[in-house]
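[1] Let's see this in three dimensions:
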Amino acid sequence: QVQVVESGGGLVQAGGSLRLSCVASGRTFSSHTMGWFRQAPGKEREFVAVITWNIGSTTYGESVKGRFTISGDNAKNTVYLQMNSLKPEDTAVYYCAAGYRFALHPNDYPYWGQGTQVTVSS
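    Down below sits the predicted model:
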């Protein structure tokens, strides 16, 4: 089992920045990737970014490319999501997830955090 806990959400004005953190614990050696997803009210869960633990390969959802950066600290079992130039449409609950392969679909991730709310005001 892998446990993940997110933190760092909050309220920010449009154009501002936030950094989310995700700490993984438990059998972290068994997970290969960490992903960030988000879900706005009435919408499906959307892929945001993913990173591999071993070589740090990353990829991003189209709506956040160039604005968000995912990074990892293996020693701390922590993944970060730096969010810049935030827009009101970025408002959502952001979830961190751990998985076994480099994947973009939420169904490919067996371990999830409880989520952290990000609200961007206009």
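
[2] Show me what stretch 10-19 is in contact with.
    Stretch 10-19 is contacted by residues 8-9, 80-88, 117-122 when judged by CB atoms under 8 Å, 6 or more residues apart in numbering. Heads up, the C-betas are built off the backbone N, CA and C, glycines and all.

[3] if we go to 10 Å?
    Stretch 10-19 has contacts (CB atoms under 10 Å, 6 or more residues apart in numbering) with 7-9, 20, 67-69, 71, 80-91, 94, 116-122.

[4] Of these, which belong to strands?
    Counting by DSSP state E, those place 7, 20, 68-69, 71, 80-83, 94, 116-121 in strands.

[5] From the residues you listed, list just the buried residues.
    Those of the ones in strands among the contacts of stretch 10-19 that meet the buried threshold are L20, F68, T69, Y80, L81, M83, Y94, T116, V118, V120, by 16 or more other CB atoms under 10 Å.

[6] Which pair in those residues has the greatest spatial separation?
    Y80 and V120 (18.3 Å; CB to CB).

[7] Contact partners for the residue nearest the centre of the chain?
    Of all residues in the chain, the one closest to the mean position by CA atoms, centre = their mean is W36, 2.3 Å from it. If you count contacts by CB under 10 Å, 6+ apart, W36 has them with 6, 20, 22, 46-51, 60-61, 64, 68, 70, 79-81, 83, 94-97, 113.

[8] Next up, phi/psi of it, please.
    Backbone dihedrals for W36, given as degrees, to the nearest 10, come out at phi -110, psi 140.

[9] Grab the nearest non-local neighbour of it.
    V48 (4.2 Å; CB to CB, 6 or more residues apart in numbering).
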